[in-house]
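Peer 1: Quick check, what structure comes out for this input:
(4 chains)
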Number of protein chains: 2
Amino acid sequence: MNKHPKRTTISDVAEHAGVSRAAVSKVLRGAYGVSDIMKARVEASMDVLGYRPSALARGMRGRSFTLGVFVVDLSNTFVTVLIEGIRAEAGSRGYQVFIGEANMGLAQQKQMIEAMIDRKMDGLVLIAPFGPDEELEKIGRITPTVVLGRHGPGQDYDTVASDDLAGSALIVDHLVSLGHRRISHLKHVGTEKNEATMPQVVRADGYVKAMVHHGLDDEIDVIETRWNHQGGADAVDLMLDRDLPPTAVHTGTDMAGFGVLSRFHELAVPVPEAFSVVGYDNAFAASLPQISLTTVDQSGFEMGSLASRLLVERIEGRMEPVSTLVKPTLMVRNTTGPVPAGSRVKPELLRNVAQG
Amino acid sequence: MNKHPKRTTISDVAEHAGVSRAAVSKVLRGAYGVSDIMKARVEASMDVLGYRPSALARGMRGRSFTLGVFVVDLSNTFVTVLIEGIRAEAGSRGYQVFIGEANMGLAQQKQMIEAMIDRKMDGLVLIAPFGPDEELEKIGRITPTVVLGRHGPGQDYDTVASDDLAGSALIVDHLVSLGHRRISHLKHVGTEKNEATMPQVVRADGYVKAMVHHGLDDEIDVIETRWNHQGGADAVDLMLDRDLPPTAVHTGTDMAGFGVLSRFHELAVPVPEAFSVVGYDNAFAASLPQISLTTVDQSGFEMGSLASRLLVERIEGRMEPVSTLVKPTLMVRNTTGPVPAGSRVKPELLRNVAQG
DNA sequence: TGGCTTATGTAGATCGGTCTACGTTTTTAC
DNA sequence: GTAAAAACGTAGACCGATCTACATAAGCCA
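Peer 2: This is a model prediction of the structure:
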């Protein structure tokens, strides 16, 4: 005895109200050409019958009232905040939000996005997708698209990104003001080619520019690693292996920052007394007092709701691309401090620890 | 110039291959009555035209090949692991997984689930939904459903849960073996009524049973609070305010555990020297060395893939409900230690600290 | 070779809505 | 008071697939 309480359809409502199916459809859509009397009667029937239109059938011709959010990695708590913003705005405009994840590379990403298109979702938010810009253009030509977390502008899609250039500058300024000069930066490197619009590229660019601005051209030190826990941990060993190790690091993302802190913790290198660490994203764990990671906050909720708003605009007809940048803010916590006095950073000592 | 590269439909393929639409449909579904020659020709045409069937249209009569995962709170990193498991299994069986979140109460949860049904998703996985069991039965009668994280059995849905009774026992056993006797427990209390199948109820029950088992009937201390960071922090003040404060706490969930640790950190109460803390879920942050929270691991990936498997079975016709329990394991880390010597737990002292 | 069964392909209804075209009333305007 | 315009409601094609019936062709057996 399953699935048998047959759904009420638009025909049932029409019959019950004694009008045509087209009339019910009009009421449903709030379309022109409905008298108040008829509207009331139809709505009453809907109520009595407990009618809910099939979003699937509606989608066949009209809108599906569904937005798709594509994510590479749900376990990154920062994207959760973005999604919160997306949902809030979309919900208030009558759209349902469904999230699709794909973390096994470009092919899987493509498949997921196609799955969304095949389900005729009215619009897509792509959170930090990989792949070349042209791929995104292609998607944008098929369906309304907003790319979140990559810099613009695009031809056929909108972008919402944090001003990563400014974010990196905030970090470097902060560290320099604490007296640091040897500041390293962790740049994400994956299997895919880096596009100029990707955050890792812009953050690295901002880091270099800021270093130059402070006259620290000679101290520029970009370490390529993966932006995850392991990548951060690995980078520590690399840094400590330098002839003259840095005194601070801009880890590019909190996840890598956690890895850095973990490794330092294992090595009993005191943070921030011996080494300053700055993350990026203001993920949940960064705020835990035992971690208390200095980081850059991207006001994810606002970015998310802005993306939603742009997407709905686009669905409703806007064609010109919009590219926005949100100002980040620095969250100074307890992993950054004054540069250690020269005596306290014995490179030899640090290297020994690393090998022990 | 948008959205105009008109999609190829089944008719296009049929025409190109010189067969009927029905024939193409048969090939698509792998249905009976297709010669090898025709199959090859149709598939070639699909290839040439770059055909992808509309999942929407397919769903109108047949399956939509879509599974819906309902989640209350995506920011809980444990559900991310569950989703990973669900996706792995579902993907290998040709289903797409879409996630819907609703964290603003029962009404929003209901709306989200209805939205999934309205889109004719083939089956639903509900992760720790709230509301009465009957509500779940109602859903299960409409569409194949697996409930993840609530204990069974259900009449018209399957359940996959961690053995919370055993989990609580593991925790209490561990603490008792360290010499603790005054062990408190944090029980989640929300705005909704607690059902007997909800984890907070079973964990509390397991805690009580385990305490009784160790002859600690008189030390049973269940504190009702919210299972989040703030709830954990608040509970610390409550515990320290007791005439004879406990020496250990089973926080019910890692999120509350983080709150407990945070508050202790603020109060400079050393963990585990003065107080032992155990979480539940083995969330990501629990593994960070600075946190290193002793907790219970629920092997989320396995639970997720098991749920997927059950759901597909149900979609394919099974009617008898299945109710499974997965064994949890204890992860001993650095927030639990031997009970402090009597002198070190001066209740007065702790209370002063709390007020300072 | 006739009679049956099995294999292969097609026509056309169907799913539950939307949307265009058109007929009928009711208003408005002069 | 009548023509033109606006308001209201309906019929029926359509979206892109699935699925049931049925027609035709091929294979099998005696």
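Peer 1: I'd assumed residue A:326 was in contact with residue A:302.
Peer 2: Yes. Contact criterion C-beta atoms under 8 Å: residue A:302 and residue A:326 qualify, at 6.4 Å. C-beta coordinates here come from the backbone N, C-alpha and C atoms, glycine included.
Peer 1: Spatially, what comes nearest to residue A:334 if we skip its sequence neighbours?
Peer 2: Of all residues not flanking residue A:334 in the chain, residue A:292 sits nearest, at 3.9 Å (C-beta to C-beta, 6 or more residues apart in numbering or on different chains).
Peer 1: give me every residue that touches the one you found.
Peer 2: The contact partners of residue A:292, by C-beta atoms under 8 Å, 6 or more residues apart in numbering or on different chains, come to A:286, A:333-335.
Peer 1: Relative to residue B:107, which of those is nearest.
Peer 2: Residue B:107 lies nearest to residue A:286 out of the contacts of residue A:292, by C-beta to C-beta, at 33.0 Å.
Peer 1: Now for the residue in the stretch 1-150 of chain A that DNA strand D sits nearest to, how many residues are close by?
Peer 2: Per C-beta to the nearest atom of the strand, residue A:60 is where the stretch 1-150 of chain A lies closest to DNA strand D, at 3.1 Å. Neighbours of residue A:60 under the rule other C-beta atoms under 10 Å in any protein chain shown: 14.
Peer 1: Ranking helices and strands of chain A by mean pLDDT, which lands last?
Peer 2: In chain A, no helix or strand scores lower on mean pLDDT, DSSP states H and E than helix A:347-355, which sits at a mean of 43.
Peer 1: Just the C-alpha atoms of the host helix or strand of residue A:83, please, in CSV.
Peer 2: Using DSSP states H and E, residue A:83 maps to helix A:77-91. Extracted C-alpha coordinates of helix A:77-91, given in CSV (Å, rounded to 0.1, in the frame of the first residue of the first chain):
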residue,chain,number,x,y,z
THR,A,77,32.4,25.6,6.6
PHE,A,78,32.8,28.8,4.7
VAL,A,79,30.7,27.7,1.9
THR,A,80,28.0,26.8,4.4
VAL,A,81,27.8,30.5,5.2
LEU,A,82,27.6,31.4,1.6
ILE,A,83,24.7,29.0,1.1
GLU,A,84,22.9,30.5,4.1
GLY,A,85,23.0,33.8,2.3
ILE,A,86,21.9,32.3,-0.9
ARG,A,87,18.9,30.5,0.7
ALA,A,88,17.7,33.5,2.6
GLU,A,89,17.4,35.7,-0.4
ALA,A,90,16.1,33.0,-2.8
GLY,A,91,13.6,31.8,-0.3
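Peer 1: sorry, back to before: show me just the buried residues among the contacts of residue A:292.
Peer 2: Buried members of those, scored by 16 or more other C-beta atoms under 10 Å in any protein chain shown, are A:286, A:333, A:335.
Peer 1: Tell me the one of those nearest residue B:40?
Peer 2: Checking the buried ones among the contacts of residue A:292 one by one against residue B:40 (C-beta to C-beta), the nearest turns out to be residue A:286, at 56.5 Å.
Peer 1: Enumerate every residue touching the residue nearest to that closest one when sequence neighbours are not counted.
Peer 2: The spatial neighbour of residue A:286 that comes closest, neighbours along the chain excluded (C-beta to C-beta, 6+ apart), is residue A:293 at 4.0 Å. Residue A:293 sits next to A:254, A:257-258, A:261, A:277-279, A:285-286, A:333, A:335 when contact means C-beta under 8 Å, 6+ apart.
Peer 1: quick one, helices of the stretch 251-356 of chain A?
Peer 2: A:254-267, A:300-315, A:347-355 (DSSP state H, counting those that start in this stretch).
Peer 1: Looking at the second one now, give me its mean pLDDT.
Peer 2: Spelled out, it's helix A:300-315. For helix A:300-315, mean pLDDT is 97.
Peer 1: Which elements pack onto it?
Peer 2: Contact here means 3 or more C-beta pairs under 8 Å, 6 or more residues apart in numbering or on different chains; DSSP states H and E; on that basis helix A:300-315 packs against helix A:77-91, strand A:123-127, strand A:145-148, strand A:158-162, strand A:323-326.
Peer 1: out of those, which comes closest to DNA strand C?
Peer 2: Using C-beta to the nearest atom of the strand, the helices and strands packed on helix A:300-315 put strand A:123-127 closest to DNA strand C, at 15.5 Å.
Peer 1: what comes into contact with stretch A:217-231?
Peer 2: With C-beta under 8 Å, 6+ apart, stretch A:217-231 has contacts from A:181-190, A:200, A:204, A:207-208, A:211-212, A:232, A:234-235, A:238-239, A:242, A:246, A:252-253, A:255-256, A:258-259, A:262.
Peer 1: Which of these fall within strands?
Peer 2: By the criterion of DSSP state E, membership of the contacts of stretch A:217-231 in strands covers A:183-188.
Peer 1: winner for burial among the helices and strands packed on helix A:300-315?
Peer 2: Among the helices and strands packed on helix A:300-315, ranked by average contacts under mean count of other C-beta atoms under 10 Å in any protein chain shown, first place goes to strand A:145-148 (a mean of 29).
Peer 1: can you list the residues of chain A near DNA strand C?
Peer 2: Counting by C-beta under 7 Å from any atom of the strand, chain A comes close to DNA strand C at A:7, A:9-11, A:21-22, A:25, A:28-29, A:31, A:51, A:53-54, A:57-58, A:60-62.
Peer 1: Now with 6 Å, please.
Peer 2: A:7, A:9-10, A:21-22, A:25, A:28-29, A:53-54, A:57-58, A:60-62 (C-beta under 6 Å from any atom of the strand).
Peer 1: where's residue A:84 relative to residue A:229, distance?
Peer 2: Taking C-beta to C-beta, to the nearest Å as the measure, residue A:84 falls 24 Å from residue A:229.
Peer 1: who in the stretch 251-356 of chain A is up against chain B?
Peer 2: A:258, A:261-262, A:265-266, A:284-285, A:288-291, A:319 (C-beta under 8 Å from any C-beta of the partner chain).
Peer 1: who wins for neighbours among those residues?
Peer 2: Highest count within these by other C-beta under 10 Å belongs to residue A:261, 30 neighbours.
Peer 1: buried ones in the host helix or strand of the residue of the stretch 1-150 of chain A closest to DNA strand D?
Peer 2: For residue A:60, the enclosing helix or strand under DSSP H and E is helix A:55-61. For helix A:55-61, the neighbour count (16+ other C-beta under 10 Å) marks A:55-59 as buried.
Peer 1: Using JSON lines, lay out these together with distance to residue A:89 and pLDDT.
Peer 2: What follows is the buried residues of helix A:55-61, written out as JSON lines (distance: C-beta to C-beta, whole Å; pLDDT from 0 to 100):
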{"residue": "A:55", "distance to residue A:89": "19", "pLDDT": "96"}
{"residue": "A:56", "distance to residue A:89": "24", "pLDDT": "96"}
{"residue": "A:57", "distance to residue A:89": "26", "pLDDT": "96"}
{"residue": "A:58", "distance to residue A:89": "21", "pLDDT": "96"}
{"residue": "A:59", "distance to residue A:89": "21", "pLDDT": "96"}
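Peer 1: Which single one of those is nearest to residue B:109?
Peer 2: Among these, residue A:55 lies closest to residue B:109 (C-beta to C-beta), at 17.5 Å.
Peer 1: residues touching that closest one, list them.
Peer 2: Residue A:55 neighbours (C-beta under 8 Å, 6+ apart): A:64-66, A:96, B:115, B:118-119.
Peer 1: Please name the spatially closest residue to it (chain neighbours excluded).
Peer 2: residue B:118 (4.2 Å).
Peer 1: these two touch, right, the one you found and residue A:51?
Peer 2: No. With contacts counted by C-beta under 8 Å, residue B:118 stays clear of residue A:51, the gap being 11.1 Å.
Peer 1: Fine by me, thanks again.
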